[in-house]
Each structure stands twice: as C-alpha cells, then as structure tokens.
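*Asks:* this is the structure alone, sequence omitted:
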DNA sequence: TCAAAAGTGTTTACTCTACACCCATGG
DNA sequence: CCATGGGTGTAGAGTAAACACTTTTGA
C-alpha cells in the first residue's frame, strides 16, 4: 500500500499526522439476510436524519480508530439486531464502495459485508432513534445512498455462493431438515428444485450435512416426520449445486 | 452507511468536518499478474523508505480525495507499469485490508485489487525512487506489510476464477492459440491438463473464444501451425472448467 | 381416507476422461 | 525422417434430470 507513493509527484505527502491529509471516513454497511415465513428478508433501518431522512438504508456505522472493518461489522451487527449470540451467523466481506460522491456530506469509503443468519428475532432498534425492521428482499427499492447497489451485489454473491459452498446452512438453526435446506436454496434462487435429486446431491457431498445422532425427527408437520441434520465440517461443495435456470448463462456479478 | 450511527452512544460523532474525526488514510494495493517465459509473474516494487526499506512490496498508493479506489488503481497501474494502453488489462477488486496495526505509522485502510495482463513490458519504475520488477510468483516471500497475505489471496482468487469465468484470455494478447490458453491454466493452477479435452471444453463454450477470420495460423513454431483465436464476448463459463487435482476438495479462499 | 410432505428407485441422456491416432511443420 | 506440437475420434465410466412410486403423519 501507501509508501509506494512516487516521491517526485505532487500527490499526498508522506507524513505522520493523519489529520493533515486523511480526509476519509471509513464505514461498514451490512446486508443481513434471513429466511422468515418462506421469504428472503433483509434487515433495514429507517434513517432519522438528512440526507435521505425517512428512507430505508442498510445498517452500518463508522469504523472506530482501534478496530478493523470486520470487528466493526460484528459490533454493528450485535448492536442493530440486539442479539448477543452471533455464533451461528455467517459474515463475509463483499466489497468496498468508494465513489467520491456516494455520500453528499463528505468523503466516505464504505466496506460492505454480507451476513446470513437463521430466522432472527425482531431487531430491537439498537439504541438508534430510527426503526429497524426485516423487509422482504425485493420490496425495498430506493434505499438511501448507493445501498440499492450494495444490496443487489450482496444478493448476487449469496446466490452464487450457494452453488459452490455449504453456506446455505447458515440460514438455518443448528438442527434442520433437508426440506428446510432445500427451501433456502429455492428462496434465495427463486427457483424450484427437484426434491429427490436435491436430497441425493446434498447427501452425496461428504461433510455438507450429517444426521443428528439417534435418528431424531421433526414432528408436528403435516406429512411424514423428517430426519434432522446438522451442518457438517465441509466448507466447499464439489461438484457444485448449479442453479437450474442458469445452466448456460450465468450473469456476472459486479464484485466477484 | 454511516449516518446509522447510534446517537446515544459514544461512538464517532456525526459531523461535517472530516479532519475532526477521520483518522484514516485509504490506499490501493495491486497484485498484478502476467505470464512470461511460461511462468506466473508478479509486479513488485522495492521500498526505498522505512518501514520495510529494501523489502519488496506490491505497487500501490494513496487514493486521492477526488477519485474512487478503482480510479486510483487504474492510475497507479499506469504509473507503475509505464504502459499507456491498459485496454487489454483486467482489474478487479479483491478485498479491503483494515487491521489497525497493518501499517506501523498510522491507520491505513487498503483496498486491494488483482490485475491480469498479457506479457507486459519491463516496468519503467514509474518515477518512483525504488526499483520495479517482474518476479516469479512463489519466489518473493516476506513482502512488506501484509502484502504476502494480499498476494496469496489474489492468487487464490485468480485460480478460482479461471474455473468459472473467461478470465484466462486476459493473460494473452488479442490473438492467441489454444495451446497458449491452455498454458495459462496450467501455469496458474500448476497442473497439467489433457489437451484434447481442454480444447473441446473451450470450443464447446459459446463466446469463450472465436476463430480469427481467414483461418490465420501461428507459424514459426516447431510443430503444426496452430489456429489463432480471439476472446469472445462471453464472460462466464458454464459448465465450469474444474481443476483436476481439486475434484472433491477445494480449499476455501480467504476472501470469496 | 385423503392430503401433504418425506423418502426410494429407476430409466435415460448426457458429460467427462483417458487414450489412441493422424496432421503439418522445422531441423 | 524424426521430434514436436496441433488437431480428431472414440469407448467406457460416471453424473444428472425426470418422474414414478412407497411411507408416514395430521386432519
């Protein structure tokens, strides 16, 4: 980084006083997804101040001087959702948005993250004046700043990662049925999958899921009780679980 | 982002004077790859100043107040390589590195990029005092700052993207043979591929490559003259071209 | 006894792999 | 005429899609 700045040029000078030449604020923005009521939902907050007062936005906040962007993301996530135990949650860096005019007030560079969690509770508002809510993905157009783009990028990334990683289990609680796992795929991708083939594929991938010992089953549903599984220790999916509709034409994500 | 900072908490205050609360410098770091002499090479610069004086580092520099990280990356790329025509070059954001202590002098957040180009000329040093050179990947351990990690992440990403994108043509000049394309895969992945099968796979993917009109062939080699191809208009590869060695066990990249 | 959801089996088509083989050129 | 790299053909294994079918529960 940094000290490779050409010395002979009139760029930013090398120095040790940050306030003299660092007109950047660094923030994190979070696209937090969950599956509730069979729909993909996103955590949004309502802005209480200008600019974009009254508009929905992604949760986020400033990176503090002593923490990394990752730490800031985890901290904000805890604050915004009000959940103390974030252990089952998946958080990953998406990309950084740095257009000079993305915030009308000042130069803000934002590191965006995508997060996934099992059916999370109603957010408690995080001490923030404005509301925080789960909103169905797709029903929340015209977000503040460039958050529409961030949210779309995050959705692209999640959908793509379901194909070749075991990420889907992050949407579910510790024990789940294969039907629930299939619903995650169908919800995120917006396509129907063949149940027998889905089942075979998942079970054929070592380490994707493992049966709960004792042959536990989920009772209470309308049909035959389903066997319960946990997430295995695998992280990647080989071969990948490709989206049926996309065979032959996958759209290129902005980030990846 | 940003304005979702909880008002009641003692975090960074909301305000309009950047210098009052933005102790961040933002830089870009570039992992520039090329294939020369049948080997994967990386552009490195030698640092002339402390810290890490005399050590090799990735090229990069400060993001200026009026430009995005992407613009800064393109600008630095032009400066460091000394090439005026960067049109055939591929540049993509990798991820952002923001550990508080990654630069001993001050708080520096760096947006890392991966770049690929056809056999590029010797760098001219870019007006920088220190040297700039192509170095074989793998023979350049112990870089300055966290650049070892950035370089490894970039290599992981490139290797993974070759599987499911048409990225490989970015390593080649406008017209190339299928043998050269195969060499790119073999060089980056470090594995041998079956020529007949590679050929079929590439030609079976619509838009990956298209023959140069007129049936042009590359003469001068030792064997049969090879047909010339150009990059097509496709951007994704379906189905993917999987690494032979990895079937069944793909390591998880840090970023993706 | 019917609907709904879980779970199994089977057929067919396709794709991938490995390897054998021919072609054109330079030395 | 032989080494070298380009290019084609093909048999068998493996994989995936489609769909018929059985099982077990709640209403």
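*Replies:* Received, thanks. Predicted model, so just to flag it, every value in this text is computed and none were measured.
*Asks:* hmm, the top strand by length along chain A touching chain B?
*Replies:* Taking DSSP state E as the criterion, chain A has its longest strand at strand A:25-36. Yes. Judged by CB under 8 Å from any CB of the partner chain, strand A:25-36 comes into contact with chain B at A:25, A:26, A:27, A:28, A:29. To be clear about C-beta, it is placed using only N, CA and C from the backbone, and glycine gets the same treatment.
*Asks:* so the third one sits against residue A:63, correct?
*Replies:* Yes. Distance between residue A:27 and residue A:63: 6.4 Å, which falls inside the contact criterion (CB atoms under 8 Å).
*Asks:* of those two, which one has the most company?
*Replies:* Looking at residue A:27 and residue A:63 with other CB atoms under 10 Å in any protein chain shown, you find the greater number of neighbours at residue A:63, namely 28 against 24.
*Asks:* phi and psi next, for the closest residue in space to residue A:132 that isn't next to it in sequence.
*Replies:* Ranked by CB to CB, 6 or more residues apart in numbering or on different chains and with sequence neighbours excluded, the top spatial neighbour of residue A:132 is residue A:123, at 3.9 Å. Note on residue A:123: its backbone torsions stand at phi -70, psi 150 [degrees, to the nearest 10].
*Asks:* now for residue A:123: which residues touch it?
*Replies:* A:43, A:80, A:81, A:82, A:132, A:133, A:134 (CB atoms under 8 Å, 6 or more residues apart in numbering or on different chains).
*Asks:* can you list contacts of the helix or strand hosting the second one?
*Replies:* I take that to be residue A:80. Assigned by DSSP states H and E, residue A:80 belongs to helix A:69-81. Around helix A:69-81, the neighbours that count as contacts under CB under 8 Å, 6+ apart are A:26, A:28, A:30, A:32, A:43, A:45, A:59-64, A:67, A:84, A:86, A:89, A:91, A:93, A:111, A:113, A:115, A:120-121, A:123-124, A:126-128, A:132, B:4, B:6, B:96, B:98, B:109.
*Asks:* residues from the stretch 101-250 of chain A in reach of DNA strand D?
*Replies:* Where the stretch 101-250 of chain A comes near DNA strand D, counting by CB under 7 Å from any atom of the strand, the residues are A:194, A:196-197, A:201, A:204, A:219-225, A:239, A:242, A:244, A:247.
*Asks:* tell me which of those residues fall in helices.
*Replies:* Those of these mapping onto helices are A:196, A:197, A:201, A:204, per DSSP state H.
*Asks:* report the two of the residues you listed separated the most.
*Replies:* Spatially, the most separated pair among these is A:196 and A:204, at 12.2 Å (CB to CB).
*Asks:* just the strands in chain A please.
*Replies:* Taking DSSP E as the test, the strands found in chain A are A:25-36, A:39-46, A:56-57, A:60-62, A:90-97, A:108-117, A:132-136, A:209-211, A:217-218, A:226-227, A:229-231.
*Asks:* how far off centre is the fourth one?
*Replies:* A distance of 15 Å separates the C-alpha centroid of strand A:60-62 from that of its chain, computed with CA atoms, centre = their mean, to the nearest Å.
*Asks:* what about it and chain B, touching?
*Replies:* Yes. If you take CB under 8 Å from any CB as the test, strand A:60-62 does meet chain B, through A:60, A:61, A:62.
*Asks:* quick one: average pLDDT of that strand?
*Replies:* If you average the pLDDT over strand A:60-62, you get 94.
*Asks:* circling back: please indicate which of the ones in helices among the residues of the stretch 101-250 of chain A next to DNA strand D are buried?
*Replies:* For those, a burial check counting by 16 or more other CB atoms under 10 Å in any protein chain shown picks out residue A:201.
*Asks:* any chance of a markdown table for the ones in helices among the residues of the stretch 101-250 of chain A next to DNA strand D, columns distance to residue B:165 and pLDDT?
*Replies:* A markdown table is the format used below for these (distance: CB to CB, whole Å; pLDDT from 0 to 100):
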| residue | distance to residue B:165 | pLDDT |
| --- | --- | --- |
| A:196 | 31 | 96 |
| A:197 | 26 | 96 |
| A:201 | 23 | 95 |
| A:204 | 26 | 93 |
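*Asks:* any chance of the ones in helices among the residues of the stretch 101-250 of chain A next to DNA strand D in TSV, with distance to DNA strand C too?
*Replies:* Output for those, formatted as TSV (distance: CB to the nearest atom of the strand, whole Å):
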residue	distance to DNA strand C
A:196	3
A:197	7
A:201	12
A:204	12
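*Asks:* quick one: which of the ones in helices among the residues of the stretch 101-250 of chain A next to DNA strand D is nearest to chain B?
*Replies:* Chain B lies nearest to residue A:204 out of these, by CB to the nearest CB, at 11.0 Å.
*Asks:* the residues of the stretch 101-250 of chain A next to DNA strand D, buried ones only, as a ChimeraX selection?
*Replies:* The following ChimeraX selection, which keeps only the buried ones among those, applies the criterion 16+ other CB under 10 Å:
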select /A:201,239
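*Asks:* and which of the residues of the stretch 101-250 of chain A next to DNA strand D is nearest residue A:233?
*Replies:* Sorting those by distance to residue A:233 puts residue A:204 at the head of the list, at 16.1 Å, by CB to CB.
*Asks:* the strands of chain A: lowest mean pLDDT?
*Replies:* strand A:217-218 (a mean of 72).
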